[in-house]
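**Q** Okay, sequence plus prediction incoming.
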Amino acid sequence: MVSKGRLIVITGPSGVGKGTLVRELLQRHRELHLSVSVTTRSPRPGEVEGKHYYFVDRSRFEEMVQNGELLEWAEFAGNYYGTPLYPVQKRIEAGESVLLEIELIGARQIRERFPQAQQIFIQPPSMLELERRLRSRGQDSDEAIARRLKRAAEEINAAQEFDFELVNDDLDEALKQLENVLFAVV
Ligand SMILES: Nc1ncnc2c1ncn2[C@@H]1O[C@H](COP(=O)(O)OP(=O)(O)OP(=O)(O)O)[C@@H](O)[C@H]1O
Ligand SMILES: Nc1nc2c(ncn2[C@@H]2O[C@H](COP(=O)(O)O)[C@@H](O)[C@H]2O)c(=O)[nH]1
């Protein structure tokens, strides 16, 4: 990919607050654009096609992989997730900044394919608090939460692979740190 623009990857265990931080960031920095992923997961109440995700079935997802339509993809807790290549490519070539909110396997693929990407890992204050956030969100079954927590431990073990790490304990403080990482004058 021609690298006129900026690609920013935000990774961290499910429930750590990536989506919450990214929502705040997008409100404050209109120049940032969030990539909308494709998934085979069923929509949660309130999730809108084309805004939160593009919801597809497994055969369509596999076709997208075969056709090279995805910049990266991974299986996570029983579903496929991937980043559509074309919209990201178009924005980066136009000199714009694109955010990817993705899990670890996908972040590793981006590192291979686009080493200039800035990679940030969001840590929870503790595993207990992570579990509390997953449960309080009220969107996943006990079994799905158990799968997400197992994966969380694997992701946290890989945090040192990332350019920056920050802890999402107090939300405002985490947001400030994220802005410092993204907009620090060097
Ligand atoms: N700093 C924080 N303190 C307390 N609760 C928080 C904080 N940040 C986020 N939360 C809450 O934690 C829950 C999970 O947050 P969110 O959905 O943003 O996580 P996520 O990392 O995007 O999860 P996923 O990867 O599964 O999409 C939400 O209910 C959110 O309101
Ligand atoms: N590798 C990718 N991971 C993605 C993508 N879109 C989202 N995700 C990550 O999946 C998990 C679960 O998300 P949820 O919406 O079911 O809670 C979470 O870690 C997301 O960041 C993607 O395109 N590629």
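**A** Nice, thanks for sending it over. Ligands and ions are numbered 1, 2, ... in the order given.
**Q** from the chain, which residue is nearest to ligand 2?
**A** In the chain, the residue that lies nearest ligand 2 is Gly106 (2.4 Å; CB to the nearest ligand atom). In short, each C-beta sits where N, CA and C put it, glycine included.
**Q** Quick check: residues of this structure near ligand 1?
**A** Within reach of ligand 1 by CB under 6 Å from any ligand atom, the chain has these residues: 12, 14-20, 133, 136-137, 168, 171, 174.
**Q** Could you provide those residues in a markdown table, with additional columns for neighbour count, pLDDT and secondary structure?
**A** Listed next are these as a markdown table, based on neighbours: other CB atoms under 10 Å; pLDDT from 0 to 100; DSSP: H, G, I helix; E, B strand; the rest coil:
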| residue | neighbour count | pLDDT | secondary structure |
| --- | --- | --- | --- |
| Gly12 | 28 | 98 | coil |
| Ser14 | 22 | 95 | coil |
| Gly15 | 23 | 96 | coil |
| Val16 | 26 | 98 | coil |
| Gly17 | 21 | 97 | coil |
| Lys18 | 21 | 97 | helix |
| Gly19 | 15 | 96 | helix |
| Thr20 | 16 | 97 | helix |
| Arg133 | 18 | 97 | helix |
| Ser136 | 9 | 95 | helix |
| Arg137 | 14 | 89 | helix |
| Asn168 | 23 | 98 | coil |
| Leu171 | 12 | 98 | helix |
| Ala174 | 21 | 98 | helix |
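**Q** How about the host helix or strand of Phe121, which residues are buried there?
**A** Assessed by DSSP states H and E, Phe121 sits inside strand 118-123. For strand 118-123, a neighbour-count test (16 or more other CB atoms under 10 Å) marks Gln118, Gln119, Ile120, Phe121, Ile122, Gln123 as buried.
**Q** Stretch 158-172 too?
**A** Quick answer for stretch 158-172 (16+ other CB under 10 Å): Ala159, Phe162, Glu165, Leu166, Asn168.
**Q** can you tell me if the lengthiest helix in the chain touches ligand 2.
**A** Longest helix in the chain, counting residues (DSSP state H): helix 142-157. No: looking at helix 142-157 against ligand 2 by CB under 6 Å from any ligand atom, there are no contacts, and the closest approach is 7.5 Å.
**Q** So what touches that helix?
**A** Helix 142-157 is contacted from outside by 11-16, 76-78, 103-104, 123-124, 127, 130-131, 134-135, 140, using CB atoms under 8 Å, 6 or more residues apart in numbering.
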